[in-house]
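**Student:** Okay, structure incoming, though there's no sequence with it:
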Ligand SMILES: Cc1ncc(COP(=O)(O)O)c(C=O)c1O
């Protein structure tokens with residue numbers, strides 16, 4: 001059957017307005033007929049709730065991450081929320097995290113009932129461990145480091161702080177599938193590591209999905225209850241809980257994508273290395289320091305730029321989908337007003353939010369397209 005470019009929902013379709021796009025879903029799912037075949041099997045079996053595809057993807061995901069368990073849930077946000085709930089986090093508790101993240105990190109903490117306490121980031125855009133220690137109070141229950149853009153945080157230091165103060169670590173690994181820190185997979189970092197399968201993530205499905213990796217048998221059992229109404233069996237409810245199962249149809253897509261994630265990761269890294277090489281010598285651009293003992297998987301490729309907003313507009317006008325992730329940090333969002341922060345509270349975060357620009361590095365970008373982006377940036381700065 002001929003592939004149509006319009007099988008995806010409206011918001012994920014390429015508009016054709018930009019030639020070098022962040023969105024690449026039509027190409028990525030060009031083999032969608034293979035997935036439909038597998039979905040048809042599920043439909044024939046009527047195996048829609050958890051079932052064998054969810055079991056399989058959990059087993060494969062745990063294997064990939066060297067963890068004892070992987071628990072499929074409804075989204076990356078639910079992965080974070082349910083991990084906090086598995087720890088018993090509730091009203092009056094505090095969770096230390098970064099103000100330089102996506103809204104869902106903070107949303108999970110707030111909807112779990114806890115107070116987000118921000119610690120500023122370092123020059124690598126990730127939470128600064130020295131800042132974490134200064135924010136610990138008698139109410140602190142957990143640290144939520146975000147492996148932003150697919151770069152693992154400084155986990156040796158964060159784990160030392162957590163063990164000194166008896167805190168759990170709920171890692172936001174939504175950008176970080178296949179990232180490694182000193183040889184350890186992203187899933188092995190923290191009490192829990194939470195992943196997203198959102199359509200724009202490195203491993204993506206046809207809607208929402210998420211996964212929690214953990215080595216704790218106790219926490220894994222609790223999470224399996226929490227995601228499925230607290231059911232230990234059809235007629236036994238151990239605790240009243242949530243409905244956040246990984247959808248079986250999405251599990252089929254995730255299994256398909258797990259076969260490709262090695263290639264996706266390698267090409268994102270190769271394209272990012274090429275941008276690093278080309279952009280490093282432009283004086284108005286700051287390429288972050290890259291560390292030898294981490295594998296960064298570049299869910300986002302970000303650099304800091306002088307006159308960032310003007311450069312973004314220039315690139316977009318020339319067909320390049322340059323994006324800002326995100327211009328207003330969490331502590332300055334209207335939703336965070338109850339925390340009483342003001343501009344200047346987290347200076348490194350605010351500087352990065354004002355200067356960082358993301359360039360497309362997905363697996364379908366070509367060397368010619370990357371050269372064009374670099375030439376445009378050079379032309380912009382004259
Ligand atoms: C850093 C971060 N955390 C959490 C999430 C939430 O993931 P999901 O969209 O699957 O709920 C996202 C998603 O965009 C994210 O970027």
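**Tutor:** Good, I have the coordinates. Bear in mind that the values here come from a model prediction, so they are computed numbers and not experimental data.

**Student:** Let me see the contact set for the residue in the chain that the ligand sits nearest to.
**Tutor:** Distances between the chain and the ligand by C-beta to the nearest ligand atom are smallest at residue 76, namely 2.5 Å. For glycine as for every other residue, the C-beta is placed from the backbone atoms N, C-alpha and C. Residue 76 is in contact with 104, 172, 174, 194-198, 201, 210, counting by C-beta atoms under 8 Å, 6 or more residues apart in numbering.

**Student:** Residue 187 too?
**Tutor:** By C-beta under 8 Å, 6+ apart, residue 187 lies in contact with 61-62, 64-67, 70, 173, 193, 195, 213.

**Student:** number of nearby residues for residue 140?
**Tutor:** Close neighbours of residue 140, defined as other C-beta atoms under 10 Å, add up to 20.

**Student:** Who does it form a beta bridge with?
**Tutor:** residue 94 (DSSP bridges).

**Student:** hmm, back to that, return only those of the contacts of residue 76 found close to the ligand.
**Tutor:** 104, 172, 174, 196, 198, 210 (C-beta under 6 Å from any ligand atom).

**Student:** The stretch 251-382 of the chain: helices as residue ranges?
**Tutor:** Secondary structure of the stretch 251-382 of the chain (DSSP state H, counting those that start in this stretch): helices at 261-279, 308-317, 347-355, 367-381.

**Student:** Save those helices as a markdown table, and put in mean pLDDT, distance to residue 23 and mean neighbour count too.
**Tutor:** Putting the helices of the stretch 251-382 of the chain into a markdown table (pLDDT from 0 to 100; distance: least, C-beta to C-beta, whole Å; neighbours: other C-beta atoms under 10 Å) gives the following:
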| stretch | mean pLDDT | distance to residue 23 | mean neighbour count |
| --- | --- | --- | --- |
| helix 261-279 | 98 | 15 | 17 |
| helix 308-317 | 97 | 14 | 16 |
| helix 347-355 | 98 | 23 | 18 |
| helix 367-381 | 97 | 14 | 16 |
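
**Student:** can you name the farthest residue from the center of this protein?
**Tutor:** The C-alpha centroid of the chain is most remote from residue 235, which lies 36.0 Å away (C-alpha atoms, centre = their mean).

**Student:** For that residue, list the residues it contacts.
**Tutor:** Counting by C-beta under 8 Å, 6+ apart, residue 235 has no contacts.

**Student:** before we move on, back to that, show me what contacts the nearest residue to the residue of the chain closest to the ligand once chain neighbours are set aside?
**Tutor:** Nearest non-adjacent residue to residue 76, counting by C-beta to C-beta, 6 or more residues apart in numbering: residue 196, 2.6 Å away. With contacts defined as C-beta under 8 Å, 6+ apart, the neighbours of residue 196 are 75-77, 79, 174, 209-210.

**Student:** Next, format those residues as CSV and append secondary structure.
**Tutor:** Converted to CSV, the contacts of residue 196 look like this (DSSP: H, G, I helix; E, B strand; the rest coil):
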residue, secondary structure
75, coil
76, helix
77, helix
79, helix
174, coil
209, coil
210, strand
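
**Student:** remind me which residues of the stretch 1-150 of the chain are low pLDDT?
**Tutor:** By pLDDT under 70, the low-scoring segments of the stretch 1-150 of the chain are 1-17.

**Student:** Kindly report the residues of it close to the ligand.
**Tutor:** Residues of the stretch 1-150 of the chain lying near the ligand (C-beta under 6 Å from any ligand atom): 75-77, 101-102, 104-105, 146.

**Student:** can you redo those residues as CSV with distance to residue 33?
**Tutor:** Shown next, in CSV, are these (distance: C-beta to C-beta, whole Å):
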residue, distance to residue 33
75, 26
76, 28
77, 31
101, 37
102, 33
104, 32
105, 36
146, 36
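
**Student:** nearest to residue 375, of the residues you listed?
**Tutor:** Each of these was checked against residue 375 using C-beta to C-beta; the closest is residue 102, at 31.0 Å.

**Student:** Next up, the contacts around the closest one.
**Tutor:** Contacts of residue 102 (C-beta under 8 Å, 6+ apart): 174, 325-326.

**Student:** tell me the phi and psi of it?
**Tutor:** phi -90, psi 150 (degrees, to the nearest 10).

**Student:** If you tally nearby residues, what's the number for the closest residue to residue 90 other than its chain neighbours?
**Tutor:** Nearest residue to residue 90, sequence neighbours excluded (C-beta to C-beta, 6+ apart): residue 113, at 4.6 Å. Burial of residue 113 is recorded as 13 neighbouring residues (other C-beta under 10 Å).

**Student:** quick revisit: dump the ones next to the ligand among the contacts of residue 76 into TSV; add distance to residue 363 as well.
**Tutor:** Shown next, in TSV, are these (distance: C-beta to C-beta, whole Å):
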residue	distance to residue 363
104	25
172	23
174	19
196	18
198	17
210	22
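
**Student:** Among those, which pair sits farthest apart?
**Tutor:** 172 and 198, at 12.9 Å, using C-beta to C-beta across those.

**Student:** Now do the same for residue 202: its pLDDT.
**Tutor:** Predicted confidence (pLDDT) for residue 202: 96.

**Student:** residues touching it, list them.
**Tutor:** Per C-beta under 8 Å, 6+ apart, neighbours of residue 202: 150, 175, 177-178, 261, 264-265, 268, 297, 299.

**Student:** Contacts only, for residue 37.
**Tutor:** By C-beta under 8 Å, 6+ apart, the contact set of residue 37 is empty.

**Student:** Strands along the stretch 101-250 of the chain, start to end?
**Tutor:** Secondary structure of the stretch 101-250 of the chain, counting by DSSP state E, counting those that start in this stretch: strands at 115-118, 140-144, 168-172, 180-181, 184-185, 192-196, 210-214, 231-233, 236-237.

**Student:** Show which residues not belonging to the fourth one make contact with it.
**Tutor:** Okay, so that is strand 180-181. Counting by C-beta under 8 Å, 6+ apart, 152-153, 155, 186, 189, 293-295 sit against strand 180-181.
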